[in-house]
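**Student:** Any chance you could fold what I've pasted below:
(one chain, ligands or ions: 1)
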Amino acid sequence: MPYRKPFPDVPTFVTHLECTATGERHEVDELHNLSRAGKPLLVRYDLAGVKQAVRREDLAARPFDLWRYRELLPVRDAAHIVSLGEAMTPLVSLGRLAPKGGELLVKDEGRLPTGSFKARGLALGVSMAKSLGVTRAAMPTNGNAGAALAAYGTRAGIETYVFCPADTPEVNVSEIALQGAKVWRVNGLINDCGRIVAAGKDKMGWFDMSTLKEPYRIEGKKTMGLELAEQLGWEVPEVIFYPTGGGTGLIGMWKAFAELEAIGWLGAKKPRMVAVQASGCAPIVKAFEEGAEHADFWPDAHTVASGIRVPAAIGDFLILQAVRESDGFAIAVDDEAIEEARAEVAGEEGLLLCPEGAATFAAWKKALAEGRIGAGDRAVLFNCGSGLKYPMPKVTSSLDITKPFDAAALA
Ligand SMILES: Cc1ncc(COP(=O)(O)O)c(C=O)c1O
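**Tutor:** Numbering: from 1, shown residues only. So this is what the prediction gives:
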């Protein structure tokens, strides 16, 4: 990607923020967490204005990063953009593992700054926080979001406070600390960390950057859908498998496809959205199967795929709506299948997935075997983080990889 000169100013089209439960309008250009009804807020745009202002052909002249979609993003003044180089992520084909006549693609988000798709959300969230005068922010995290908050916050001159579950791997905690945040391990899971952030808000004067508790991280995650449609020549795949914790990416992509249709860049065809969870923490799957609108809290949540270990999600009803509207489904896979999937994709295709990404492959296999998707479908799996940030599954090799090479073996 050529060096990007400072960001140009482009017209912006944000009109208001809308409560996802009541539709009540909230003003933009001021700080918000949840709506007055206590639900997530979504950014709304003058889409007719966007349609007039930019054609999809205009994108050809723009750098290959998420800021190419500026007219569909909320940052008004280019001077507020906080960027670490959010490059477009590749679609990697799993040609050997795909069934005949079908297509299996991985959108590999591990190539982003801080090694995960959390960079998209935090690039937007932190840029907006900076533009609205935030100087201190806090967040609960399973690791990757905290790393992105730390990095972007430091770059923006915002002090950051990060809380993660006690068993968060050392590499994540160190990465967060090294990138400038104050980070604590907490006895409990991500929802316990979230409670600390909420409780300390007034005393510490920090802005709560929890996912969907501020309106802008989702706008960054939305760019996964914009990018995917553009990469496929303004087509969408038949089905998307998304590792679902808080579900921001799934909700964001669903929003992206609706906005693209409204500005005439996509037709009416939409992908089926599949929410993938781990059997040890599957509140959305349970709610989907029970036909419920909201998900119950999942007790004793556990899985190797820590990014999707979210026992209660504030956007649960939005995930379920998107899955149902798209004629998709929610599916759970166990940790054994996740580890096997990781080894299979790395060993067969040379692509190292993170456990959450591997969960989507295991779920795709299961859905195919159960006839829930077609063999001829084009399926896209989301690998949301770099496989290198996680402990490796046990390697099955004919060699003992713990022993040094013995030159006598060649004699
Ligand atoms: C690697 C990875 N995959 C998936 C997720 C879940 O993302 P979402 O909150 O959009 O459901 C996370 C969140 O921490 C993650 O780090």
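**Student:** quick one: low-confidence ranges for this structure?
**Tutor:** 1-2, 396 (pLDDT under 70).
**Student:** So which residues on it come close to the ligand?
**Tutor:** 116, 142, 144-145, 211, 243-249, 307-308, 354, 356, 384-385 (CB under 6 Å from any ligand atom). In this view, the C-beta of every residue, glycine as well, is placed from N, C-alpha and C.
**Student:** Just to be sure, which of the residues you listed are found in helices?
**Tutor:** Asn144, Ala145, Thr248, Gly249, Glu356 (DSSP state H).
**Student:** Can I get those in a markdown table including distance to Leu105 and neighbour count?
**Tutor:** Converted to a markdown table, these look like this (distance: CB to CB, whole Å; neighbours: other CB atoms under 10 Å):
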| residue | distance to Leu105 | neighbour count |
| --- | --- | --- |
| Asn144 | 22 | 29 |
| Ala145 | 25 | 31 |
| Thr248 | 21 | 27 |
| Gly249 | 16 | 29 |
| Glu356 | 17 | 32 |
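**Student:** Which single residue of the stretch 1-150 of the chain ends up nearest the ligand?
**Tutor:** Asn144 (3.6 Å; CB to the nearest ligand atom).
**Student:** now stretch 227-236: how far from the chain's centre is it?
**Tutor:** 18 Å (CA atoms, centre = their mean, to the nearest Å).
**Student:** Give me the spatial nearest neighbour of whichever residue of the stretch 201-350 of the chain sits closest to the ligand, chain neighbours excluded.
**Tutor:** As assessed by CB to the nearest ligand atom, the ligand sits closest to Gly307 within the stretch 201-350 of the chain, at 2.5 Å. Spatial nearest neighbour of Gly307, excluding adjacent residues (CB to CB, 6 or more residues apart in numbering): Glu356 at 4.5 Å.
**Student:** I'd guessed that neighbour sits against Cys384; true?
**Tutor:** Yes. Glu356 is within contact range of Cys384, at 5.5 Å (criterion: CB atoms under 8 Å).
**Student:** Identify the contacts common to those two.
**Tutor:** The overlap between the contact sets of Glu356 and Cys384 (CB atoms under 8 Å, 6 or more residues apart in numbering) consists of Pro243, Gly307.
**Student:** I'd like to know how many residues surround Glu336.
**Tutor:** Residue neighbour count, defined by other CB atoms under 10 Å, stands at 11 for Glu336.
**Student:** Now do the strands in the stretch 1-150 of the chain.
**Tutor:** 14-19, 25-26, 41-45, 91-93, 103-108, 136-140 (DSSP state E, counting those that start in this stretch).
**Student:** Single out the most deeply packed of the ones you listed.
**Tutor:** For the strands of the stretch 1-150 of the chain, average neighbour numbers computed from mean count of other CB atoms under 10 Å are highest in strand 136-140, which has a mean of 25.
**Student:** Please list the outside residues in contact with it.
**Tutor:** Residues outside strand 136-140 that contact it (CB under 8 Å, 6+ apart) are 126, 129, 145-146, 149, 153, 158-164, 190-191, 193-194, 196-197, 200-201, 204-210.
**Student:** Go ahead and measure how far that strand is from the middle of the chain.
**Tutor:** 18 Å.
**Student:** residue ranges for the strands of the stretch 151-300 of the chain, please.
**Tutor:** 159-165, 182-186, 207-208, 239-243, 272-278.
**Student:** how many other residues sit next to the residue nearest to Pro165 when sequence neighbours are not counted?
**Tutor:** Among residues not flanking Pro165 along the chain, Leu189 sits closest, at 5.3 Å (CB to CB, 6+ apart). The tally of other residues near Leu189 (other CB under 10 Å) stands at 24.
**Student:** What are the neighbouring residues in contact with Leu189?
**Tutor:** Taking CB under 8 Å, 6+ apart as the test, what Leu189 contacts is Pro165, Ala301, Arg309, Pro311.
**Student:** Can you name the residues that contact the third one?
**Tutor:** Which is Arg309. Asn142, Pro165, Leu189, Ile190, Gly245, Ala278, Gly280, Cys281, Ala301, His302, Thr303.
**Student:** how about 10 Å then?
**Tutor:** 142, 165, 167, 189-190, 245, 277-278, 280-281, 298, 301-303, 356 (CB atoms under 10 Å, 6 or more residues apart in numbering).
**Student:** what about Lys5, how many neighbours?
**Tutor:** 7.
**Student:** Going forward, count from 456.
**Tutor:** In the new count, where the first residue is 456, that last one comes out as Lys460.
**Student:** Spit out the contact partners of it.
**Tutor:** By CB under 10 Å, 6+ apart, the neighbours of Lys460 are Pro518.
**Student:** is it true that Lys844 touches Asn599?
**Tutor:** Yes. Under the criterion of CB atoms under 10 Å, Lys844 makes contact with Asn599 at 7.5 Å.
**Student:** Mutual contacts of those two, please.
**Tutor:** With CB under 10 Å, 6+ apart as the test, Lys844 and Asn599 both reach Thr569, Gly570, Ser571, Asn627, Glu630, Cys809.
**Student:** who touches the first one in this structure?
**Tutor:** Taking CB under 10 Å, 6+ apart, we find Thr569 in contact with 539, 577-578, 599-607, 630-631, 634, 840-841, 844.
**Student:** With that, I have no additional questions.
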